[in-house]
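Enquirer: only geometry, no sequence info:
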């Protein structure tokens, strides 16, 4: 699409390509930092609401300054490196995990006028790059020199690698229906009113109704798998504090722990954005051509994505943690067969179209 | 120097430096993790050659699959079993033989590089390689594709069988 690189071209025309590339690469960071503050505040307030408490009330009106206070607290903390730790790897791991979640932002289109990259294999890239987080978690867990950290890293890898398969089936199904791996084209093929979203079977008349149950089930499977890939409750066995202290992050403190924290929230956003792109029409307006300008598209994208983030927080504070054997059972014996069936149905829907 | 050459040299430095760490590092864990940067750099090289699908597949398969397996293997054999896997000096004779071999290989490569007149193919700026890859896999290389799939299926069944036998 011509307009994807609008901002890049705008800057490149007045300065050089290099400066434009650097600025476009930095823009998502300017979004993540305020988003993380909002998400932390949301997490605190929503969890408090669900548990019938008030949540933070003392720092600023309604505790609005609480996330900023937490950031300052983390900045001031002593940066401890344990004696048993492997220092270089211990220091690289928090950076690497954030690199992994930040790299995924390279293909996330915030509007039809802005995506850092309009890569043609965008959705494939977003899935592949998440493996960087696996390596970073293993690096952190192993280099801490702590058995709890190592066990947490083991669990994390087993969990992320397993849940990648149902998630990949969902992505494949959408790729088959949209006939592309390009994120912008996937979104464009869902344009029009909200019943054209892939959640509701994509474009087509009333005869597409038989495929809607399959796409809805696929969306639910993808949502749950993305929760597992982000290590969020009910799948946070990786850092289950009653069993593993804090998992791979046990030995981390101060800024390095903050990096893990930031990466978790960035990962949540990426997972939510991918659900938005795959099933909820991405930046396209749910009302057809009404309110479908570039700025409105940005607003729609953020609204849709933040709703999914809200859902993630909601699930976290509603459901208890599941056991390891249940985790593997759900993935291999429930999600995998169902996602195969749904994939076949979605491919069939594409063929009869 | 344009943007492309800057990116190329960046990737080249990453690949060579991390590959040197893989070879020279005393700790095998460093070698395993350093492989991450080598594989990423090579993926970047593929992307610069307009092979976007191969670049992402490189990350998916090598970083997400093979490297995780390697790190798992190393992790489970060092600190847990208490055996420290390390590389060390091997003796003077090996240095001499290895050095000679290295000089010979480097010399022949340099000779090959300088003596040939290289023809660079015209740059074919494609938007994406994925359509071509898909078409070729399902037409010209169908047999290889199917044999590969059957091989993977056999490996999958074999892994399940081994895992079940308690």
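Expert: Thanks, I have it. Given the structure is predicted, the values throughout are model-derived calculations rather than measurements. Numbering: from 1, shown residues only, chains lettered A, B, ... in the order given.

Enquirer: for residue A:229, grab the count of nearby residues.
Expert: 24 (other Cβ atoms under 10 Å in any protein chain shown). Where C-beta positions appear, they are placed from N, C-alpha and C, glycine not excepted.

Enquirer: and residue A:44, by the same measure?
Expert: Residues near residue A:44, counting by other Cβ under 10 Å: 18.

Enquirer: avg pLDDT for the one helix or strand it maps to?
Expert: Assigned by DSSP states H and E, residue A:44 belongs to helix A:17-50. The average pLDDT within helix A:17-50 is 85.

Enquirer: for it, name the packing helices and strands.
Expert: If you count contacts as 3 or more Cβ pairs under 8 Å, 6 or more residues apart in numbering or on different chains; DSSP states H and E, helix A:17-50 packs onto helix A:6-14, helix A:66-76, helix A:87-104, helix A:254-279, helix A:294-318, helix B:3-24.

Enquirer: can you mark which positions in it are buried?
Expert: Of the residues in helix A:17-50, A:20-21, A:23-24, A:28, A:31-32, A:35-37, A:39-41, A:43-48 count as buried by neighbour count, 16 or more other Cβ atoms under 10 Å in any protein chain shown.

Enquirer: pull the helix or strand with minimum mean pLDDT from chain B.
Expert: helix B:68-77 (a mean of 80; mean pLDDT, DSSP states H and E).

Enquirer: which residues touch whichever helix or strand comes after that helix?
Expert: The helix or strand immediately downstream of helix B:68-77 is helix B:92-115, counting by DSSP H and E. By Cβ atoms under 8 Å, 6 or more residues apart in numbering or on different chains, no residue outside helix B:92-115 reaches it.

Enquirer: residues touching the helix or strand just after helix B:92-115, excluding its own?
Expert: Scanning forward in sequence from helix B:92-115 by DSSP H and E, the next helix or strand is helix B:130-138. Contact with helix B:130-138 is made by A:120, A:121, A:181, B:52, B:53, B:54, B:126, B:145, as judged by Cβ under 8 Å, 6+ apart.

Enquirer: okay, the helices and strands packed on helix A:17-50 in TSV with distance to residue B:61 next?
Expert: Formatted as TSV, the helices and strands packed on helix A:17-50 follow (distance: least, Cβ to Cβ, whole Å):
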stretch	distance to residue B:61
helix A:6-14	30
helix A:66-76	37
helix A:87-104	17
helix A:254-279	20
helix A:294-318	29
helix B:3-24	17
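
Enquirer: and the ones you listed, which is most packed in?
Expert: helix A:254-279 (a mean of 23; mean count of other Cβ atoms under 10 Å in any protein chain shown).

Enquirer: got the angle between that helix and helix A:87-104?
Expert: 30 degrees (axes from the mean of the first three to the mean of the last three Cα atoms, to 10 degrees).

Enquirer: what angle do helix A:254-279 and helix A:294-318 make?
Expert: 110 degrees.

Enquirer: next, see if helix A:254-279 gets close to chain B.
Expert: No. Against chain B, helix A:254-279 shows no contacts by Cβ under 8 Å from any Cβ of the partner chain, the least distance being 15.0 Å.

Enquirer: how far does that helix sit from its chain's centre?
Expert: Put simply, helix A:254-279 sits 5 Å off its chain's centre (Cα atoms, centre = their mean, to the nearest Å).
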